[in-house]
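[1] just to be clear, the model below is a prediction. Sequence and coordinates:
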Amino acid sequence: MSVFFHKDDQLEELGDRILAATWEAFSTLAQNQIALTWLVYDLPAPINTGGALTPEEFWKYSPRGYSYRGVESIYPASVVKLFYLVAMHEWLERGMAQPSAELDRAIRDMIVDSSNDATGLIVDVLTGTTSGPALAPGPFETWQQQRHLINRYFQSFGWEELKTINVCQKTWCDGPYGRERAFYGDMMENRNWLTAIATARLLHSIVGGVAVSSARSQSMMALLRRSLQPEDLLADPENQVTGFLGGGLPLNACVCSKAGLMSRVRHDAAYIELPDFNPYLLVVFTEGKQHSSNESILPFVSHQIAEAMRSLSN
């Protein structure tokens, strides 16, 4: 079990109640089709401070938390882009990749617009690989080892939560072809996998200003910031608010998030600030074809959590 947050009786009761309400409201959502991790930052909390604390000091802080099926491996869709964002900033910080206007554009488009094309470039830069036709066995083995660089980077963190993740695949509109399809394995066993709890800890590190560096964490937070204003949402039909966690919040909420959506999953990971409430972090993964198209489930859960925060903040 994770050590970066601690269980709390009050959160356990509230979390269980919120899940029960969710299953009552959405009767076709099975208990094994949702995973949730929720962190509450009781004040004073060392988050969103611009990196005022060292990583050593930050990790001594243990927020209250609740998790349901938080360790279950689930296909993450575009939530994986949060991991590629951190890795890309690490490469830039170490001089393993060279900054450029084109790379900046790809980083922005990967997070702000959730562009799969931009993500493909980021994965190429991170690993020194490119897509294309099938390769002979020797070169393909080398290519695969290069693609696992991202996994090796995150395993180097030594976090228990990251032991079971797989973050080495590009994201697609139609799907992989050629060497990319072969890399997935015959049964797609090498596809990306994340857990709600691993995603929560990575986002927690960004919010805490200790992902790569203070300045880079702030840069990541700026890209993750979502507008909840109706005119902005109407102007962008593929926004990452409508049908996601931000859709269940009042317009004056501050939301930094990364959503994921495909034909079989709908996910979101968000750091949320509401006026007069303690800040909190929420990761919700849902699975099932009938649920991925349902734009009501994640906003419902988010609204329930926000209402629970009212009692926790008083």
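    Thanks, I have it.
[2] quick one: the helices in the chain?
    9-25, 55-58, 81-94, 101-112, 116-127, 137-147, 149-155, 179-184, 196-207, 214-224, 230-235, 289-292, 297-312 (DSSP state H).
[3] please tell me how far Val283 sits from Lys258.
    As judged by C-beta to C-beta, to the nearest Å, Val283 and Lys258 stand 10 Å apart. Just so you know, the C-beta spots here come from the backbone N, C-alpha and C atoms, and that holds for glycine as well.
[4] find the residues that touch each one of those two.
    Leu203, Asp268, Ala269, Ala270 (C-beta atoms under 8 Å, 6 or more residues apart in numbering).
[5] tell me the contacts of the closest residue to Ala21 other than its chain neighbours?
    Leaving aside its sequence neighbours, Ala21 sits nearest to Gln304 (C-beta to C-beta, 6 or more residues apart in numbering; 6.0 Å). Contacts for Gln304 (C-beta under 8 Å, 6+ apart) come out as Ile18, Ala21, Thr22, Gly248.
[6] same list (those) but as JSON lines, adding neighbour count.
    Shown next, in JSON lines, are the contacts of Gln304 (neighbours: other C-beta atoms under 10 Å):
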{"residue": "Ile18", "neighbour count": "21"}
{"residue": "Ala21", "neighbour count": "13"}
{"residue": "Thr22", "neighbour count": "19"}
{"residue": "Gly248", "neighbour count": "23"}
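[7] biggest separation within these, which pair?
    Ala21 and Gly248 (12.7 Å; C-beta to C-beta).
[8] now for the chain, the helix or strand with the poorest mean pLDDT.
    None of the helices or strands of the chain scores lower by mean pLDDT, DSSP states H and E than helix 55-58, at a mean of 92.
[9] list of residues touching that helix?
    Pro46, Gly208, Gly209, Val210.
[10] state the mean pLDDT of stretch 105-119.
    Confidence for stretch 105-119, expressed as mean pLDDT, is 98.
[11] oops, could you answer that again for stretch 19-26 instead?
    On average, stretch 19-26 scores 98.
[12] swap in stretch 37-49?
    Rounded mean pLDDT across stretch 37-49 is 88.
[13] give me the most central residue, the chain.
    Val79 (4.2 Å; C-alpha atoms, centre = their mean).
[14] show me the contacts for it.
    Leu194, Thr199, Lys258, Ala259, Gly260, His267, Asp268, Ala269, Phe285.
[15] tabulate those residues (CSV), appending distance to Leu103, pLDDT and neighbour count.
    Listed next are the contacts of Val79 as CSV, based on distance: C-beta to C-beta, whole Å; pLDDT from 0 to 100; neighbours: other C-beta atoms under 10 Å:
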residue, distance to Leu103, pLDDT, neighbour count
Leu194, 24, 98, 30
Thr199, 24, 98, 29
Lys258, 19, 98, 29
Ala259, 23, 98, 25
Gly260, 23, 98, 27
His267, 26, 98, 29
Asp268, 26, 98, 29
Ala269, 24, 98, 27
Phe285, 29, 98, 28
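[16] out of those, which sit inside strands?
    Lys258, Ala259, Gly260, His267, Asp268, Ala269, Phe285 (DSSP state E).
[17] now, among the residues you listed, which is nearest to Thr54?
    Ala269 (24.8 Å).
[18] neighbours of the closest residue to the closest one other than its chain neighbours, just the number please.
    In this structure, Ala269 finds its nearest non-sequential neighbour in Val283, 4.4 Å apart by C-beta to C-beta, 6+ apart. Per other C-beta atoms under 10 Å, the neighbour tally for Val283 reads 30.
[19] make CSV from the ones in strands among the contacts of Val79 and add distance to Trp159 to it.
    Converted to CSV, the ones in strands among the contacts of Val79 look like this (distance: C-beta to C-beta, whole Å):
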residue, distance to Trp159
Lys258, 19
Ala259, 23
Gly260, 21
His267, 20
Asp268, 21
Ala269, 16
Phe285, 18
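[20] if we can go back for a sec, in the contacts of helix 55-58, find the pair that's most separated.
    Of all pairs drawn from those, the greatest distance, 9.4 Å, lies between Pro46 and Val210 (C-beta to C-beta).
[21] quickly list what's touching both of the two.
    Leu53, Phe58.
[22] thinking again about what came up before, quick check: buried residues in the least confident helix or strand of the chain?
    Using 16 or more other C-beta atoms under 10 Å as the burial criterion, the residues of helix 55-58 that qualify are Phe58.
[23] how far away from the center of its chain is it?
    22 Å (C-alpha atoms, centre = their mean, to the nearest Å).
[24] repeat for stretch 39-51
    19 Å.
[25] using CSV, write out every CA atom in it.
    Provided in CSV are the C-alpha atoms of stretch 39-51 (Å, rounded to 0.1, in the frame of the first residue of the first chain):
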residue,chain,number,x,y,z
LEU,A,39,-6.3,13.3,-1.6
VAL,A,40,-7.3,16.1,0.8
TYR,A,41,-4.8,18.9,1.5
ASP,A,42,-5.5,20.1,5.0
LEU,A,43,-4.1,23.6,5.6
PRO,A,44,-1.4,24.6,5.8
ALA,A,45,-0.5,22.3,2.9
PRO,A,46,2.8,22.3,1.0
ILE,A,47,1.3,22.3,-2.5
ASN,A,48,1.0,24.8,-5.3
THR,A,49,3.6,27.0,-3.5
GLY,A,50,6.0,27.5,-6.4
GLY,A,51,8.3,24.9,-5.0
